[in-house]
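**Q** give me a model of this one.
(one chain, ligands or ions: 2)
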Amino acid sequence: MTHVIAFFNQSGGVGKTTVTQNIGYQLSFKGYRVLLLDMDPQASLTTFMGLDVSQLDKTIYDALVSETDEPIAILHDLHKMDLSPSSIILANAEQELVLADQRELRLKMPLSQVLDNYDFVLIDCPPSLGILSQISLVAATEIIVPIQTQFKALMGTDFLLSTVKKIQRRLNKELKIAGFIPTMFSSANALDQRTLETIVDQLSPIAQVFSPIPRATSPTRPPGLCTTARTVSEAGLAGARAGCRSVPIG
Ligand SMILES: Nc1ncnc2c1ncn2[C@@H]1O[C@H](COP(=O)(O)OP(=O)(O)OP(=O)(O)O)[C@@H](O)[C@H]1O
Ligand SMILES: [Mg+2]
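**A** Ligands and ions are numbered 1, 2, ... in the order given. Next up, the predicted model:
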């Protein structure tokens, strides 16, 4: 069975995209067939993969809003992974899907056509609880929640969990939370240590809390400036290695 994992947290800048990309890279490195799916109109994942968003012919948007079963747009073999890219036009889908037929299935249906080609589909969700996130959770089999190791980390978690429960109840009974990944953790920082303890205390009864991904610091190259899977993130990559080791795969 293909794992369709949504990396989901409505809070912005917690490391969703970095973790999605780097776990994808690690999985493909282990020989798994990986499709990355960029569901964020900010198109960070598409950009992190080294693509010029303005040059894209088709994006995930086309399949989501199509009334004629348009297949999902997929670019092949980028750093050993496939990518369904995004662009800012995806922001229109939030509006366009409001009244669309079977809108909850707008991602699940086209994705089902290609699932057999992959072991893992990793969905990079936008930082919102809107339609794009909802249809991502309907299409997913599992959720991983990256959560930044900082004092306000748990703010919004209740809302996140109740959204997940609603989707589980109404639209996707099989959906499971595979776990929480604390991100950007500085072991030298006492406040981060305390925050991590609180995260483990409060969230481990709900699902596994994986090893934290360290905060990467580089005097010469901040992680946000990097552009490809190999180079982006010594930050994220170092981090995702830590996280990936304990993410259940296969
Ligand atoms: N482990 C890390 N150490 C240091 N910086 C990191 C780490 N992980 C991610 N970053 C940086 O933090 C910023 C936010 O990361 P990212 O874009 O992955 O978050 P996000 O949750 O996807 O954001 P958004 O909600 O806007 O989509 C980026 O500049 C990224 O390079
Ligand atoms: Mg992102």
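**Q** up against ligand 2, what does the protein have?
**A** With CB under 5 Å from the ion as the criterion, the chain comes near ligand 2 at residues 16, 17, 44. Where C-beta positions appear, they are placed from N, C-alpha and C, glycine not excepted.
**Q** could you pick out which of the residues you listed are near ligand 1?
**A** Contacts with ligand 1 within those, counted by CB under 6 Å from any ligand atom: 16, 17, 44.
**Q** so, low pLDDT: which residues of the chain?
**A** Filtered on pLDDT under 70, the chain yields the residue ranges 218-250.
**Q** I'd like the ones next to ligand 1 among the residues of the chain next to ligand 2 laid out as TSV, including distance to residue 206.
**A** Listed next are these as TSV, based on distance: CB to CB, whole Å:
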residue	distance to residue 206
16	18
17	23
44	27
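**Q** from the residues you listed, pick the one nearest ligand 2.
**A** Closest approach between these and ligand 2, by CB to the ion: residue 17, at 3.3 Å.
**Q** which strand or helix spans the closest one?
**A** According to DSSP states H and E, residue 17 maps onto helix 16-29.
**Q** helices or strands up against that helix?
**A** Counting contacts by 3 or more CB pairs under 8 Å, 6 or more residues apart in numbering; DSSP states H and E, helix 16-29 packs against strand 3-7, strand 34-38, helix 44-48, strand 81-84, strand 120-124, strand 142-148, strand 176-183, helix 234-245.
**Q** of these, flag the one that's most buried.
**A** Comparing the helices and strands packed on helix 16-29 by mean neighbour count (mean count of other CB atoms under 10 Å), strand 34-38 ranks first with a mean of 27.
**Q** put the alpha carbons of that strand into PDB.
**A** Taking C-alpha atoms only, strand 34-38 is exported to PDB below (Å, rounded to 0.1, in the frame of the first residue of the first chain):
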ATOM      1  CA  VAL A  34       8.600   9.000  -3.900                       C
ATOM      2  CA  LEU A  35       6.200  11.600  -5.200                       C
ATOM      3  CA  LEU A  36       6.400  15.100  -3.600                       C
ATOM      4  CA  LEU A  37       3.200  17.000  -3.800                       C
ATOM      5  CA  ASP A  38       3.200  20.800  -3.300                       C
END
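**Q** return the host helix or strand of residue 137 as PDB; C-alpha atoms alone will do.
**A** Per DSSP H and E: residue 137 is located in helix 131-139. Extracted C-alpha coordinates of helix 131-139, given in PDB (Å, rounded to 0.1, in the frame of the first residue of the first chain):
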ATOM      1  CA  ILE A 131      -9.800  23.700   1.600                       C
ATOM      2  CA  LEU A 132      -6.300  22.900   0.300                       C
ATOM      3  CA  SER A 133      -5.300  21.500   3.600                       C
ATOM      4  CA  GLN A 134      -8.700  19.700   4.000                       C
ATOM      5  CA  ILE A 135      -8.500  17.900   0.600                       C
ATOM      6  CA  SER A 136      -4.900  17.000   1.400                       C
ATOM      7  CA  LEU A 137      -6.000  15.300   4.600                       C
ATOM      8  CA  VAL A 138      -8.800  13.500   2.800                       C
ATOM      9  CA  ALA A 139      -6.300  12.100   0.300                       C
END
